[in-house]
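Peer 1: sequence plus predicted model, see below.
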Amino acid sequence: MTHWHELFEAARPAFAQQRTFERARVLGLSALACLGRHTLSGLLCTAGQQFHDWSAAYRLFERERLDPETLWAAVRQSLLAQLPPCAPLVLLLDDTLCRKRGRHIHGTSWRRDPLGPAFTDNFVWASRFLQLSLALPERFDAPASLARAIPIDLQPAPSPRKPAKNAPPESWQAWRTASASASLSRLGASRISVLRAQLDAQPGGAERPLLVCADRAFTCRPVLRQLPSRTTLVGRLRKDARLYAPPTPQPQNPGRGRQRGYGDRLRTPEQYRQDEALPWQTVRACAAGNTYDFQVKVVTPVRWKAAGVGRDLLLLLVRPLSYRPRQGARRLYHRPLYLICTDPGLSPAQILQAYLWRWEIELNFRDQKTLLGFGQPQVRTEAAVRTTAAFYVFCYALLLLALHRCQMVHLPLPPPRWRRQPPSRPLQRISTAQAISLLRANLWAQALGLTNKNGFAVVRPAAQSPPQIQYAVPSALLTASG
């Protein structure tokens with residue numbers, strides 16, 4: 001609780017008034033301790049303010065009495081203080097959907113359901129957000145280490161409304177222009193540039209290299225061609241991508257005209273993987289709570305037309321891993337992984353470890369939706385939708401930072417034997433649900449006045465006869481929360 005309050009105090013400039021700041025602090029703790037639906041009314045009931053005027057809490061988000069950019073700046077400064085000086089920053093980039101039902105909620109539209117079956121496309125009515133997270137490694141001195149993703153930015157990514165069929169041609173042209181500028185890849189490229197500029201403005205931030213890890217949706221022309229300086233992209237590539245060799249000096253300028261930017265056509269990533277003449281290399285990296293040996297192939301330098309002329313790339317091929325769905329079953333294999341890196345000077349171990357950390361942002365989305373109630377506030381306007389989403393994710397980021405400050409990367413006590421992980425996964429860290437339970441127990445113990453919450457109390461009964469069973473509401477409450 002002390003570390004969480006200190007981190008929230010660092011975000012005081014994001015609020016115009018002190019009473020607005022105190023109201024937001026109460027709502028932030030309620031968002032973590034709420035047991036029901038995480039609507040604004042649910043947060044007020046958790047704080048014991050259900051019999052007060054609710055309009056002040058709604059005006060906090062409706063009238064934009066908090067600045068999301070200042071909130072994220074406080075998170076970035078606290079996160080950079082935990083990292084060593086001049087250490088590279090691993091940025092994780094992805095989008096997510098929040099399912100909605102109201103047709104008048106700002107930014108909602110029909111979206112393709114990523115959880116639908118592979119043989120068909122399902123559509124859901126939802127709002128889309130783009131999130132950026134920074135990887136916080138558990139061990140800075142080890143090349144292979146686990147990491148936890150800390151959200152540092154959240155932006156709504158709505159699509160412009162499509163005009164009617166009988167609309168004038170000017171409306172259709174304006175819609176096409178707005179759709180091209182509001183694409184997810186262009187929004188991701190702009191947020192990467194903004195983050196790079198914000199890092200350069202901070203003391204010592206210009207010396208930190210930025211390593212962006214993204215999936216196939218962001219490994220495209222708008223992102224690759226707008227990368228700022230001191231920024232590297234590691235993205236997933238298609239197995240049939242057209243790659244080219246750099247041009248040789250002889251045919252580079254055969255006569256008049258511009259110089260050649262691409263050489264001969266190379267093989268596809270899938271053909272490189274099937275080539276037995278290209279040797280495999282062994283690389284160690286951490287994933288899923290353990291350290292594994294991965295077999296990789298490196299092809300460099302290569303060029304890709306989506307990345308632009310004159311940019312040499314590194315192609316990293318990862319052999320699929322084998323697994324058994326259950327004991328005694330036959331061995332199955334994952335799909336191979338094809339990665340492209342804009343900095344050929346990076347080692348294969350650093351590239352692979354950074355991309356394996358990208359899965360942490362998927363865990364962020366799961367925790368934000370299932371535990372923090374991300375997307376559950378019943379608001380409609382553009383300002384309220386944007387500020388409530390940023391505030392919920394901001395409270396979640398402070399919780400993860402407070403865990404790291406307390407040095408509670410793993411559980412303080414060993415779990416019972418029936419909950420322990422198998423020997424294949426010895427590194428078990430504390431989950432978000434367990435962290436929220438510890439926060440609730442700490443918060444409610446202070447409210448109930450318990451002084452021996454973390455110790456043992458010696459009770460010596462005065463009489464020799466055993467006392468009758470008494471109902472202890474505080475003990476039952478804290479036991480149920482844990």
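Peer 2: Okay, I see it.

Peer 1: for the residue nearest to Val309 when sequence neighbours are not counted, list the residues it contacts.
Peer 2: Leaving aside its sequence neighbours, Val309 sits nearest to Gly261 (C-beta to C-beta, 6 or more residues apart in numbering; 3.4 Å). Using the backbone N, CA and C atoms, a C-beta is placed for each residue, glycine as well. Counting by C-beta atoms under 8 Å, 6 or more residues apart in numbering, Gly261 makes contact with 247, 303, 309-310.

Peer 1: again, but for Arg221
Peer 2: Neighbours of Arg221 in contact, by C-beta under 8 Å, 6+ apart: 185, 306-307.

Peer 1: give me the pLDDT for it.
Peer 2: In this model, Arg221 is scored at 93, pLDDT.

Peer 1: tell me if the residue nearest to Val309 really is in a helix.
Peer 2: No. Using DSSP: H, G, I helix; E, B strand; the rest coil, the assignment for Gly261 is coil, not a helix.

Peer 1: what about Ser431, distance to Leu92?
Peer 2: 19 Å (C-beta to C-beta, to the nearest Å).

Peer 1: the two: who's more crowded?
Peer 2: Taking neighbours as other C-beta atoms under 10 Å, Ser431 and Leu92 compare with Leu92 leading, 28 against 13.

Peer 1: strand partners (parallel or antiparallel) of the lengthiest strand in the chain?
Peer 2: The longest strand of the chain (DSSP state E) is strand 123-137. Sheet pairing for strand 123-137, assigned by DSSP bridges, gives strand 89-99 (antiparallel), strand 108-112 (antiparallel), strand 147-156 (antiparallel).

Peer 1: out of those strands, flag the one nearest Tyr272.
Peer 2: strand 89-99 (25.8 Å; C-beta to C-beta).

Peer 1: okay, and for the protein, where does confidence drop off?
Peer 2: Scanning the chain with the threshold set as pLDDT under 70 gives 250-257, 408-416, 418-427, 450-482.

Peer 1: toward the C-terminus, what is the element adjacent to the helix ranked longest in it?
Peer 2: Counting residues, the longest helix found in the chain (DSSP state H) is helix 382-405. Next helix or strand after helix 382-405 toward the C-terminus (DSSP states H and E): helix 432-448.

Peer 1: what about that following helix, distance to the chain center?
Peer 2: Distance of helix 432-448 from its chain centroid, counting by C-alpha atoms, centre = their mean, to the nearest Å, is 24 Å.

Peer 1: what's the answer for stretch 376-394, then?
Peer 2: For stretch 376-394, the distance to the chain centre is 18 Å (C-alpha atoms, centre = their mean).

Peer 1: neighbour count, secondary structure and distance to Asp293 added to the contacts of Arg221, as a markdown table?
Peer 2: Formatted as a markdown table, those follow (neighbours: other C-beta atoms under 10 Å; DSSP: H, G, I helix; E, B strand; the rest coil; distance: C-beta to C-beta, whole Å):
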| residue | neighbour count | secondary structure | distance to Asp293 |
| --- | --- | --- | --- |
| Ser185 | 17 | helix | 34 |
| Ala306 | 18 | helix | 32 |
| Ala307 | 22 | helix | 30 |
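
Peer 1: nearest to Ser145 among these?
Peer 2: Closest to Ser145, out of all of these and judged by C-beta to C-beta, is Ala307, at 29.4 Å.

Peer 1: just checking, that closest one touches Leu313?
Peer 2: Yes. Using C-beta atoms under 8 Å, Ala307 is in contact with Leu313, at 6.1 Å.

Peer 1: what's the helix or strand for the residue nearest to the spatial centre of the chain?
Peer 2: Centrality entry for the chain: nearest residue to the mean C-alpha point is Ile361, 3.0 Å, by C-alpha atoms, centre = their mean. If you go by DSSP H and E, Ile361 is part of helix 359-370.

Peer 1: that helix versus strand 123-137: what angle between them?
Peer 2: 130 degrees (axes from the mean of the first three to the mean of the last three C-alpha atoms, to 10 degrees).

Peer 1: is it correct that Gly204 is in contact with Cys86?
Peer 2: Yes. Counting by C-beta under 8 Å, Cys86 is a contact partner of Gly204 at 7.2 Å.

Peer 1: put together CSV for the strands paired with strand 123-137, with distance to Ala354 on each row.
Peer 2: Listed next are those as CSV, based on distance: least, C-beta to C-beta, whole Å:
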stretch, distance to Ala354
strand 89-99, 5
strand 108-112, 28
strand 147-156, 9
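
Peer 1: what about the residue nearest to Asp95 when sequence neighbours are not counted, neighbour count?
Peer 2: Of all residues not flanking Asp95 in the chain, Leu130 sits nearest, at 5.0 Å (C-beta to C-beta, 6+ apart). Using other C-beta under 10 Å, Leu130 is surrounded by 19 other residues.

Peer 1: which strand residues bridge Leu130?
Peer 2: With DSSP bridges as the rule, Leu130 is bridged to Asp95, Gln155.

Peer 1: my guess is it meets Leu154, correct?
Peer 2: Yes. Between Leu130 and Leu154 a contact is recorded at 7.4 Å, counting by C-beta under 8 Å.

Peer 1: which neighbours do Ala307 and Leu313 share?
Peer 2: 340, 342.

Peer 1: all strands of the stretch 251-400 of the chain, in order?
Peer 2: 281-287, 290-302, 313-318, 322-323, 332-333, 337-341 (DSSP state E, counting those that start in this stretch).
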